[in-house]
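Q: Attaching a predicted model along with its sequence, questions to come.
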Amino acid sequence: MTRAVVIGAGIGGLTAAVALQRRGWDVTVFERAASLEPVGSGLGVAANALKALDTIGAGDEIRRLSAVQGAGGIRRSDGRWLVRTSAEAASARNDGDSIVLLRRAELIDILSSHLAPGTVRLDTEVSEVDPESGLVTLPDGPVEADLVVAADGIHSPVRSALFPGHPAPRYAGVTSWRVLVPAEGVPGQAYESWGRGRVFGVMPLAGGTSYCYATDTVPAGGGGGDQLAELRRLFGDWHSPIPELLAAASPEKVLRNDIRYLATPLPAMHRGRVALLGDAAHAMTPNLGQGACQAIEDAVVLAHVAGDGGRFTGGTGAGGASAVSPAGSGGPTGGNDPLAGYTAARLERTSRIVARSAAICRATRIRTPPAVRLRDAMMALSWRLAPSSVTGPMDEVFGWTPPAT
């Protein structure tokens with residue numbers, strides 16, 4: 001049986017582990033954290049990711065445990081709608097699926113439940129990976145793998161080692177806050193509200209909880225102190241129910257992070273026996289809600305390219321010679337590279353989505369009143385006169401279908 005090592009037990013890494021096990025691979029996931037701690041935030045799983053999750057038998061389970069996004073759109077800070085969509089229209093555009101909303105920890109739990117017992121090894125940090133041999137260095141000795149899946153996050157050490165000259169993730173110019181809030185009696189509608197350099201978003205989850213997120217255009221490296229008080233200062237005079245949600249939030253539930261993204265696409269999403277996945281390969285701003293969704297897509301495509309356990313040839317070609325370019329060049333050398341199909345299927349698509357998300361992020365950073373008024377007017381006019389110009393790019397994202405098994 002062929003062996004795969006997955007580095008990182010996040011959404012992308014766990015999805016890859018499930019997908020590979022279903023194809024007969026012997027999979028071990030190494031996670032440096034001591035436990036899979038529940039992360040205090042929510043996320044939306046869009047139609048494209050739901051279709052990918054269907055291929056590993058998890059899609060319907062996630063639908064059952066999630067809230068459907070339904071109607072929503074974009075509002076101004078005073079509550080006036082700029083773009084407003086209906087649940088029926090969203091479902092019709094996405095083959096009957098809409099975006100479903102759930103806690104990130106719930107998705108982690110569902111994916112973990114689809115793995116064979118003992119697949120995940122916690123508190124185990126990978127110190128080195130050899131892309132040619134597949135040798136993975138661990139605290140208790142090396143492990144050789146036919147395939148190594150680097151799902152080790154935005155600051156991926158594996159990415160830095162494989163492509164040492166590549167630019168590091170760039171600060172997007174905004175910091176973000178995330179918080180889960182008890183929201184009994186609050187209208188269950190998903191939306192974003194845009195102001196002068198700021199955004200506040202609301203996602204109603206199942207069980208009377210709302211996931212709230214916010215961004216502000218500030219220098220990187222801030223934080224400290226009472227972050228809930230900071231949110232109330234920034235958004236306390238915005239339209240209802242934003243002040244009510246912040247009043248119900250708990251300070252210890254607030255997470256703050258600077259947003260960074262991989263502005264320059266990698267030359268390839270693999271090298272030798274190592275495949276990069278999710279934020280390690282294409283970290284993006286959260287403005288399209290596609291970070292986790294693209295990691296899920298990556299995982300099922302990678303498993304499809306890798307094929308059934310026992311038939312994978314690893315990162316070497318005829319005669320055992322390495323089928324990768326010299327260190328730092330990043331590209332495959334030719335037909336003996338079994339992961340070339342993974343890069344071919346994923347690099348261009350994810351690069352477009354990263355760029356599109358970053359463009360929306362730049363629009364949210366506009367601060368001067370005249371520019372904000374112009375942005376809002378153009379957004380509202382485009383929606384009234386040509387709604388397809390607003391929804392069309394997202395239809396391309398949501399309309400993706402997984403490879404046939």
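A: In hand now; what should we look at?
Q: C-alpha from now on. contacts and neighbour counts both.
A: Noted.
Q: Contacts only, for L246.
A: Under the criterion of CA atoms under 8 Å, 6 or more residues apart in numbering, the neighbours of L246 are V181, L228, L231, R232, G236.
Q: Over to L245?
A: L245 touches V181, P182, A183, counting by CA under 8 Å, 6+ apart.
Q: So which one of those is the model least confident about?
A: Taken together, the contacts of L245 show their lowest pLDDT at A183, with 78.
Q: Number of residues surrounding it?
A: For A183, the neighbour count with other CA atoms under 10 Å is 20.
Q: Surely it touches A206?
A: No - contact criterion CA atoms under 8 Å: A183 and A206 do not qualify, at 10.3 Å.
Q: Help me confirm that R198 comes into contact with V218.
A: No - taking CA under 8 Å as the definition, R198 is not a contact partner of V218, at 9.7 Å.
Q: So what touches stretch 126-142?
A: Residues from elsewhere that reach stretch 126-142, judged by CA under 8 Å, 6+ apart: 7, 30, 32, 124-125, 143-148, 158, 162, 271-274, 315-316, 322, 324.
Q: ok, and for it, which residues are buried?
A: Using 16 or more other CA atoms under 10 Å as the burial criterion, the residues of stretch 126-142 that qualify are V126, V129, D130, P131, E132, S133, G134, L135, V136, T137.
Q: now stretch 339-358
A: 339-343, 345-347, 350-351, 353-358.
Q: With stretch 34-41 instead?
A: Result for stretch 34-41 [16+ other CA under 10 Å]: buried residues L36, G40, S41.
Q: quick one: the last one and L302, what's the gap?
A: Distance of S41 to L302, given as CA to CA, to the nearest Å: 27 Å.
Q: For F398, which non-adjacent residue is spatially closest?
A: Closest residue to F398 apart from its sequence neighbours, by CA to CA, 6 or more residues apart in numbering: N48 at 4.8 Å.
Q: export the buried residues of stretch 34-41 to CSV and tack on distance to V390, secondary structure and pLDDT?
A: Formatted as CSV, the buried residues of stretch 34-41 follow (distance: CA to CA, whole Å; DSSP: H, G, I helix; E, B strand; the rest coil; pLDDT from 0 to 100):
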residue, distance to V390, secondary structure, pLDDT
L36, 38, coil, 81
G40, 31, coil, 70
S41, 27, coil, 89
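Q: G173: which of the residues you listed is nearest?
A: Nearest to G173 among the buried residues of stretch 34-41 is S41, at 21.3 Å by CA to CA.
Q: Tell me if I'm right that that closest one and V181 touch.
A: No - counting by CA under 8 Å, S41 stays clear of V181, with 9.8 Å between them.
Q: just for this protein, where's the confidence low?
A: Within the chain, the stretches with pLDDT under 70 are 1, 38-39, 87-96, 185-188, 310-335, 405.
Q: 90 instead, please
A: Within the chain, the stretches with pLDDT under 90 are 1, 34-41, 68-72, 85-98, 182-190, 206-208, 222-224, 308-337, 385-396, 404-405.
Q: Could you point out the longest helix of it?
A: Criterion DSSP state H: the longest helix present in the chain is helix 340-364.
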